[in-house]
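>>> Sequence below, structure please.
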Amino acid sequence: MSYSKNLGKTGAVRKGIQVSTGNFILLLDGDLQNFNYQEIENGIINIYKNTLTDMIIFRRFNASWNIKLLRGDILVSGERILRKKDLKKIINIQKPEGYQLEFAINKYMMVNNKSVYWMPSSALNTWPTTKFGFIKGMLKIIKMNMNILIYLGFANYIKQLLFFSRKKLV
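Purely as a prediction, here's the structure:
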């Protein structure tokens, strides 16, 4: 499916939910590098096998130290498998926009005591400074973080930083 206007990730996910037919949704960022389909396949097998698991996040184990320090390899990871019914609620009730989708999902999972695990992933995505140049890239990073903080609030960001998805799926 393609659209003449760029809907952004949240808009594309919103449209994708409308046409999807399964019980689970696999989210993937569009700019992935080092993508290993076997890791995704293992995640799909695991979420079907572990019926009490509500979401699996693919944790980028090759992320840089500064990303790992703020747990961006989990909190911001766009590679996830979750139940369609949960994602529909998140999109329709919380109405995330822009860079807020992953944090809206995290918040929903925490508030509703959902079972969330992570699995290692070799995937990386392109850093904004590489895509847009240093100054424009840094401005995008600042804009993204401001967008997230405005949406979540500082206290909820800290809760996610400290407590969200601490369990590895084994």
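>>> If you count residues, where's the longest helix of the chain?
Criterion DSSP state H: the longest helix present in the chain is helix 134-152.
>>> Show the average pLDDT along that one.
Helix 134-152 shows a mean pLDDT of 91.
>>> From the contact counts, what lies against that helix?
Helix 134-152 sits against helix 101-111, helix 128-132, helix 154-163, with contacts defined as 3 or more Cβ pairs under 8 Å, 6 or more residues apart in numbering; DSSP states H and E. Backbone N, C-alpha and C define where each C-beta goes, glycine included.
>>> what comes up buried for the helix or strand just after the longest one?
This means helix 101-111. Once the chain leaves helix 101-111, the next helix or strand it forms, by DSSP states H and E, is strand 116-121. Within strand 116-121, the residues scored as buried using 16 or more other Cβ atoms under 10 Å are 116-119, 121.
>>> same thing with stretch 64-71?
In stretch 64-71, counting by 16+ other Cβ under 10 Å, buried: 67, 71.
>>> about what we covered before: between the helices and strands packed on helix 134-152, which gets nearest to residue 143?
helix 128-132 (9.5 Å; Cβ to Cβ).
>>> Need the contact partners of that closest one.
31, 136-138, 140-141, 144 (Cβ atoms under 8 Å, 6 or more residues apart in numbering).
>>> One more pass at 6 Å, please.
Contacts to helix 128-132, defined as Cβ atoms under 6 Å, 6 or more residues apart in numbering, come from residues 137, 140-141.
>>> Which residue, other than its chain neighbours, is closest to residue 9?
residue 101 (6.0 Å; Cβ to Cβ, 6 or more residues apart in numbering).
>>> quick one: that neighbour and residue 10 touch, right?
Yes - using Cβ atoms under 6 Å, residue 101 is in contact with residue 10, at 4.7 Å.
>>> and the closest residue in space to residue 29 that isn't next to it in sequence, how far is that from residue 51?
The shortest distance from residue 29 to any non-neighbouring residue, by Cβ to Cβ, 6+ apart, is to residue 78 (3.7 Å). Going from residue 78 to residue 51 by Cβ to Cβ, to the nearest Å gives 25 Å.
>>> Poorly predicted segments of the chain, please.
1-3 (pLDDT under 70).
>>> got the contact list for stretch 22-42?
78-81, 84, 87, 121-126.
>>> of all the residues you listed, which two lie farthest apart?
Largest separation among the contacts of stretch 22-42 by Cβ to Cβ: 84 and 126, giving 28.2 Å.
>>> Give me the phi and psi angles of the residue positioned nearest the centre of the chain.
The residue lying closest to the centre of the chain (Cα atoms, centre = their mean) is residue 78, at 3.2 Å. With angles defined as degrees, to the nearest 10, residue 78 sits at phi -90, psi 0.
>>> Okay then, goodbye and thanks.
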